[in-house]
Structures are given as C-alpha cells and as structure tokens.
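Asks: missing the sequence, but the structure's below:
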C-alpha cells in the first residue's frame, strides 16, 4: 500500500447556493467578496435577449462597476478565448462574473487565469497538447451562474477548449481555476430549446457514468509530492454517491425537460443533477467517452445541430461525448461489471452484475441507444458527416487524451479506439 495513493480531496467553490431566484444574489456575493469592478461574461443570445440585465442590475445595485463581454464562442477555442483576454487585459478588474452555459463559464475562467497570470495559453493547456504548467498562484474571485443544466462548470477547476490548429478539443485543469461562488438557479434553464436541453443533459449523464465507472482512486501510484496529484484521481465514495443520484435523475427527468421546457420539476432536478455530477467528476474524472468526444468535436466538417444559433460546423459537447459512449461502455463492461450493470439499471434496463460481461455490455448499450433515439440524436457519426477514412485520425486524437484515458478501468490502445469509433459510425 505504500506505493499507492490512498488520498483523495474534494474541492468545491467557497459558496454554493441553489434555488429558485438565487441569481439575484450576485450583487450581494460580489460585495461580500470586496469586488468593486467586474467583467460580466455572457453569451450573445443571453445578451441580445436582455436576460443578462438582471445580473448586471444586481451588481450595480451594490455599487459595483460592470463591463459586459458577450462575444463568447459556443464551444470555446484558443482563438476565441484570446479575443476575450485581449478585451479584458489592462482593465484592472478585481473579479469576474460568468452568466451562461459551460462556454461562458469556461471563457470567464480562462480570462481570469490569463489576465491574473499572463502567459501563452499553450503553457497552461494539458499535456501532451500543451505544457500543462500550473498557475503560479491563486486567481481573482469568480462568480459562476449557469444557465444550462449540463457542464457543472460552476463547480470544477477545468476549462475545455478547441485548439484550432490541431483540430482537437482539450483542456486546462487546476484547482485554482475553480469558481469562488456558484449561484445555481433552475429558472435560468427554462428558455433552453429542446436540443440544447438534450445535449447539456447528456453531458450530465456522461459525467456521472464516467466518474462512476472510473478506476478506484486508491489504484494510482502515490505522487512524489501532493502538488503532483492529478486533478482526476478516480472514483471515490463521494463521487459514487453523487453519480448514482445524477444518473437516476437524468433517467427520470431528461426526456421530460426536453419535451416540455416548462416542466419546473424536471428543470429543478436536471439542474441539481448537473451540479452534483460536476462536483463528483471534478475530482474523480471522466475517461473514454470524453477522450473520444474531443476529436469528434475538433474534426467535424459540416454538421450543425438543431436549436444552436451557429453558422459554423459544431458538435456540442454533450452530443460529442454521447456519440462514443455506447461503444466505450460496452468495452469496459468486462472489467467493471458491477458499475456498468448498476448504471444500466438506473437507466431502466434490467441486468444483474452476475450476468456475463457480454450481457452487461449489451444492457448499457441498449439503455444509451434508447435514450439517444428518444432525444433525437444522430444515429451515428456517419449521419454527422464522418467517414471510415476519418477513423484513424479520430483514434489518434482520442489517444492523445492520456490524462482522461488513464482514468478508465481498462485503458484502451489505438486499435481499441479505432474499433470503438467504427462501432460509433452507425448505431441504428
């Protein structure tokens, strides 16, 4: 046991508030933190609809000066993040407020990082894409107010972005990046259209399933010093507890929230599920489906999803993560039969952990396919414009995400990934 790491840590924002109308407390929390001038980062749709005004007014009512940045790229890129950084640098903000989905929150995190500790963005991007350097010190206060029930970004120390020249999605991870305050208000999700509801909700599901099926935290080598312990340590008793409940809520409420956006009960539990799944995966980690998602998002050529206001090819994160999930979960069923079987049960497919790995793999595959069909997702990567000739490049891009793949209970090689992408080309 002396060579294995027996420690896990649970880090969350200093303050997490959940409930209807809690958005109105943005000003109170900013004043409590001593902020006097902030940058409010939001999305273009939220800006043009005027929904951001409630946050701005709450801040100004407390005497806080507010600038607004709304040119957030849906699924941020290194270039879009640098545009935001260039807007914010030299303006001497003493804090930041993010109002939006994962894209707005990740953009705000990146602006906070790169204006507080300026450096080339590739210095901070995770290895092997970037240098994976740690921030040299804490960041400024950041208040995160999510408007989607999906990413859990209000609770995590992760920034997800596309590096355009490599056609790959990757990330920046460190505990200093985590927001200071999270204000989680289910009312902010009522305006989400069906496909955005479905995509973000599937992100919740995959955060939960992947953290639940991750290798145990105590199976890692002990780091030479605590600073070298990875952000994603593997499944823990805390992440397991949150993951099971999040899977249960997604199974019960995601279809309802997608079909009827005004279903308050469904919106409430999807938002709560997103938050607890974010806390869980934020320290346990995610694995193969997320590693597969990054090249899917980076290599898409033409496909655009319904309901997303974009004029460029886009595979939203929740959809890209889900497209590889049935194949990936079937792949790990042999080494994590209890966990995979339990996830399938929570999703409504009866299977016992004592059944064969083949049957357990078929059960989780069936459960995920049924949900994808009910939510109107593409039938496979081919429907999104991918061809068999893309498989080697997709596998190469996924294989580069070693920080994710090592969290899997069974670490795939390139040939394994190629087979998973082949399976994902056409599910039905």
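Replies: It's in. This one's a predicted model, so the numbers in the text were calculated from it and none came from an experiment.

Asks: next SSE after the helix or strand of the chain with the lowest mean pLDDT?
Replies: Least confident helix or strand of the chain, by mean pLDDT, DSSP states H and E, is strand 168-173 with a mean of 88. Downstream of strand 168-173, the next assigned helix or strand under DSSP states H and E is strand 181-184.

Asks: and the helix or strand just after that next one, what's its mean pLDDT?
Replies: Downstream of strand 181-184, the first helix or strand assigned by DSSP H and E is helix 194-212. The pLDDT scores in helix 194-212 average 98.

Asks: same deal with stretch 80-94?
Replies: Stretch 80-94 comes out at a mean pLDDT of 97.

Asks: next, the distance between the ends of it.
Replies: From its first residue to its last, stretch 80-94 covers 22 Å (CA to CA, to the nearest Å).

Asks: run the chain-centre distance for that stretch.
Replies: 23 Å (CA atoms, centre = their mean, to the nearest Å).

Asks: just the buried residues of it, please?
Replies: When burial is assessed from 16 or more other CB atoms under 10 Å, stretch 80-94 yields the following buried residues: 80-81, 83-85, 87-88, 93-94. Every C-beta, even on glycine, is put in place using the N, C-alpha and C of the backbone.

Asks: of those residues, closest to residue 390?
Replies: residue 80 (24.5 Å; CB to CB).

Asks: where do the strands sit along the stretch 301-428 of the chain?
Replies: Using DSSP state E, counting those that start in this stretch, the stretch 301-428 of the chain contains no strands.

Asks: re the thing from before, name the strands paired with the least confident helix or strand of the chain and say parallel or antiparallel.
Replies: Applying DSSP bridges to the sheet, strand 168-173 is found paired with strand 158-163 (antiparallel).

Asks: give the buried residues for the strand it pairs with.
Replies: By 16+ other CB under 10 Å, the buried positions in strand 158-163 come out as 158-163.

Asks: low-confidence regions, the stretch 301-428 of the chain specifically.
Replies: Under the criterion pLDDT under 70, no range of the stretch 301-428 of the chain is flagged.

Asks: my guess is residue 227 meets residue 135, correct?
Replies: No - the criterion here is CB atoms under 8 Å, and residue 227 misses it with residue 135 at 11.9 Å.

Asks: show me which of those two is the more surrounded one.
Replies: Using other CB atoms under 10 Å as the criterion, residue 227 and residue 135 rank with residue 135 on top: 19 against 7.

Asks: am I right that the more buried one is in contact with residue 115?
Replies: No - using CB under 8 Å, residue 135 is not in contact with residue 115, being 11.7 Å away.

Asks: could you check the pLDDT of residue 236?
Replies: 97.

Asks: what of residue 3?
Replies: In this model, residue 3 carries a pLDDT of 88.

Asks: my guess is it meets residue 222, correct?
Replies: Yes - using CB under 8 Å, residue 3 is in contact with residue 222, at 6.1 Å.

Asks: more neighbours, the two?
Replies: Neighbour totals were compared for residue 3 and residue 222, and residue 222 leads with 16 against 7 (other CB under 10 Å).

Asks: tell me the confidence at the more buried one?
Replies: For residue 222, the pLDDT comes out at 93.

Asks: what separates the closest residue to it other than its chain neighbours from residue 236, distance-wise?
Replies: Once flanking residues are discounted, residue 222 sits nearest to residue 5: 4.4 Å by CB to CB, 6 or more residues apart in numbering. Distance of residue 5 to residue 236, given as CB to CB, to the nearest Å: 12 Å.

Asks: what residues do these two have in common as contacts?
Replies: Taking CB atoms under 8 Å, 6 or more residues apart in numbering as the contact rule, the neighbours common to residue 5 and residue 236 are residue 217.

Asks: what about these two, which has more around it?
Replies: Legend: neighbour count by other CB under 10 Å for residue 5 and residue 236, higher for residue 236 (21 against 18).

Asks: show me what contacts that one?
Replies: Going by CB under 8 Å, 6+ apart, residue 236 touches 8, 10, 217, 283-284.

Asks: any idea how far it is from residue 3?
Replies: According to CB to CB, residue 236 stands 19 Å off from residue 3.
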